[in-house]
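> A predicted structure for the sequence below; I have some questions about it.
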Amino acid sequence: MPVEEKNKVIYISHPSGSTAEVALYGATVTSWKVAGIERLFVSKEAIRDGSKAIRGGIPLVFPIFGTKENIQLPQHGFARNSYWEFVGVIHDNNEEVSVRFTLKDTQLESKLRNGWPYSFRLTYTVTLGEKSINTVLGLKNEDEDTFEFNTLLHTYFNAPNIADVTVDGLKSLNFIDKVANGIKELETRDQVTIHSEVDRIYCNVPNHLQVNFGKDYSISIEKTGLKDTVVWNPWIEKSKAMGDFDNEEYHNMICVEVGSVADWVKLGGGESWTGGQTLCVL
Ligand SMILES: O=P(O)(O)OC[C@H]1O[C@H](O)[C@H](O)[C@@H](O)[C@@H]1O
């Protein structure tokens, strides 16, 4: 069977041998293997019992990024820490296997629903190919009035060694440096490298990016409907401060997170929105 459900995790396999796993908790993609190699990072300290967002994979940030003064929601919203419903297999052929999840306001715990009191339906479609994974978030505003939101596909990539990682496609872009009190800067490098704590929101990013993992392999990122890209590595002190992250794991991960977070996205009553990414091993 190309798709199986076991203990609230959906296991997907492609005829080529590539596989993916999606936890119903957060609809978090927690594994993506191509040629037997795990391409996503999940901390060995990650909590998977549904009491905290899973530290790794592709958590979904929605409807806020970080925290907002006047919105009573946990950091990064509720999508990553709510149970989603598995809709089923959308299609399954030699090219790709596609599965879908949904989250409606009525599925939220009341505290979370009160924090963002709108009627909405999120759909999340995960499509596994031979060397690719495509993750697309759809949103329908089921209210009469406009609401605004932020969202992010918070992808944690496995990095054999962070010292060898480079990110292409960010040159000449403005970024907000969250490590330097939100100061705005211009990226001048062809390739972004990580040698210390990095937490940056690159704004208005072209749709094609590439992350290189030294000589081992690269992963291309094609995004659609999402304007910005966050690059994050907690480095030493922040790693120590996170209870669900091993102190040494910052050597082995990089987050390159496509989303719309620098400005609110407005969605009119009854309207739909979609945004997503395709990751492909090169
Ligand atoms: O610890 P979390 O709530 O999962 O957030 C993890 C990280 O997410 C994003 O990358 C933010 O830009 C960071 O500032 C934040 O530290």
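Done, it's in.
> which ones are touching the closest residue to Glu96 other than its chain neighbours?
What sits nearest to Glu96 in space, not counting adjacent residues and going by C-beta to C-beta, 6 or more residues apart in numbering, is Gly129, at 4.7 Å. Just so you know, the C-beta spots here come from the backbone N, C-alpha and C atoms, and that holds for glycine as well. By C-beta atoms under 8 Å, 6 or more residues apart in numbering, the contact set of Gly129 is His14, Ser18, Glu95, Glu96, Cys280.
> Out of these, which comes closest to the ligand?
The ligand lies nearest to Cys280 out of these, by C-beta to the nearest ligand atom, at 22.3 Å.
> hmm, back to that, drop anything exposed from the contacts of Gly129.
His14, Ser18, Glu96, Cys280 (16 or more other C-beta atoms under 10 Å).
> Show the residue spans covered by the helices in the stretch 1-150 of the chain.
Taking DSSP state H, counting those that start in this stretch as the criterion, the stretch 1-150 of the chain contains helices spanning 110-115.
> As a quick check, tell me the outermost residue of this protein.
Counting by C-alpha atoms, centre = their mean, the extreme residue of the chain relative to its mean C-alpha position is Glu144, 28.7 Å from that point.
> Now that residue. Nearest residue, chain neighbours left out?
Gly269 (4.2 Å).
> Can you tell me the closest non-neighbouring residue to the closest residue to the ligand within the chain?
Closest residue of the chain to the ligand, C-beta to the nearest ligand atom: Trp232 (3.5 Å). Spatial nearest neighbour of Trp232, excluding adjacent residues (C-beta to C-beta, 6+ apart): Cys255 at 4.1 Å.
> starting at the chain centroid, how far to the helix or strand containing Thr151?
With secondary structure defined by DSSP states H and E, Thr151 is part of strand 147-153. Averaged C-alpha coordinates place strand 147-153 at 12 Å from its chain's average position (C-alpha atoms, centre = their mean, to the nearest Å).
> Which elements pack onto it?
Identification of packing neighbours for strand 147-153 by 3 or more C-beta pairs under 8 Å, 6 or more residues apart in numbering; DSSP states H and E yields strand 60-61, strand 132-141, strand 253-267, strand 272-281.
> ok, now with 6 Å
Under the contact criterion of 3 or more C-beta pairs under 6 Å, 6 or more residues apart in numbering; DSSP states H and E, strand 147-153 touches strand 253-267.
> ok, which residues in the chain are in contact with the ligand?
Neighbours of the ligand within the chain, by C-beta under 6 Å from any ligand atom: Ala53, Gln75, His76, Lys178, Asp199, Val230, Trp232, Cys255, Glu257.
> Apply 8 Å and report the result again.
53, 55, 59, 61, 65-66, 75-76, 80, 152, 154, 178, 199-201, 230, 232, 234, 238, 242, 255, 257 (C-beta under 8 Å from any ligand atom).
> quick one: which of the contacts of Gly129 is nearest Asp164?
Looking at the contacts of Gly129 and their distance to Asp164, the nearest is Cys280, at 19.5 Å (C-beta to C-beta).
> quick one: the strands in the stretch 151-282 of the chain?
156-158, 165-168, 174-177, 183-186, 191-192, 198-202, 208-213, 217-224, 228-233, 253-267, 272-281 (DSSP state E, counting those that start in this stretch).
> The residue farthest from the centre of the chain contacts Glu271, doesn't it?
No. Using C-beta atoms under 6 Å, Glu144 is not in contact with Glu271; the gap is 10.9 Å.
> Tally up the residues packed near Pro234, please.
When neighbours are counted by other C-beta atoms under 10 Å, Pro234 registers 18.
> same check, this time on the one 10 residues further on
Asp244 is surrounded by 15 other residues when neighbours are defined as other C-beta under 10 Å.
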